[in-house]
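J.: Mind folding the following:
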Amino acid sequence: MVANIKAVRDLPVADAVIGDTYEFYVTPRSQWNPGFDRLLDSVRMNKNYEYTEYHFKFRDNVFYRGQPLAEYHYKFRPESEGGQEVLKFARNADIDSIWPNFKSRQVEDWMDGSLYESKAEYDRQNKTITCYFD
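T.: Have a look, this model is predicted:
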């Protein structure tokens, strides 16, 4: 069972400071903690002009809140604001049973101090729950 999805993200992924910039990369599999090797099938990274994305593909023995988890995607804007975290569940997952655990919250905009509602989105067709952050 994955109790803390961020712990899964932080071990095989690295962000090193090179000069005045960050360099993002996936740590070589040979350097992973042995426990993560049995959880993760693969980790890959994509970069484009706006986002850096990490895609974690899990083995069959990974569950989130009791439901089988297939993948986790973490997408962010380096040295800026905004991104998303996506939980992609296995075909046989009962996401309706855990969806009530994802609550919206009021967040203050750091630019103008106004409040907005931050909430997750559930895509039944793709079996994903996406949380956005700014």
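J.: State which strand of the chain is the longest.
T.: For the chain, the strand with the greatest residue count under DSSP state E is strand 67-76.
J.: Break down the protein into its helices, ranges please.
T.: With DSSP state H as the definition, the chain shows helices at residue ranges 5-10, 34-37.
J.: Could you identify which of these has the lowest mean pLDDT?
T.: Set side by side, those differ in mean pLDDT, and helix 5-10 is lowest with a mean of 51.
J.: coming back round to it: and the longest strand of the chain, how far out from the chain middle?
T.: Shown here is strand 67-76, whose average C-alpha point lies 5 Å from the average C-alpha point of the whole chain (Cα atoms, centre = their mean, to the nearest Å).
J.: ok, residues contacting it?
T.: By Cβ atoms under 8 Å, 6 or more residues apart in numbering, the surrounding residues in contact with strand 67-76 are 2, 5, 8-9, 13, 51-58, 60, 62-63, 82-90, 92-95, 97-98, 127. No exception for glycine: its C-beta is placed from N, CA and C like everyone else's.
J.: Next step: those residues restricted to strands.
T.: Checking those against DSSP E, those in strands are 13, 52-58, 63, 83-89.
J.: what about the protein, any weak spots by pLDDT?
T.: Counting by pLDDT under 70, the chain contains low-confidence residues at 1-23, 134.
J.: on that earlier part again, list the buried residues in the longest strand of the chain.
T.: Within strand 67-76, the residues that qualify as buried by neighbour count (16 or more other Cβ atoms under 10 Å) are 67-76.
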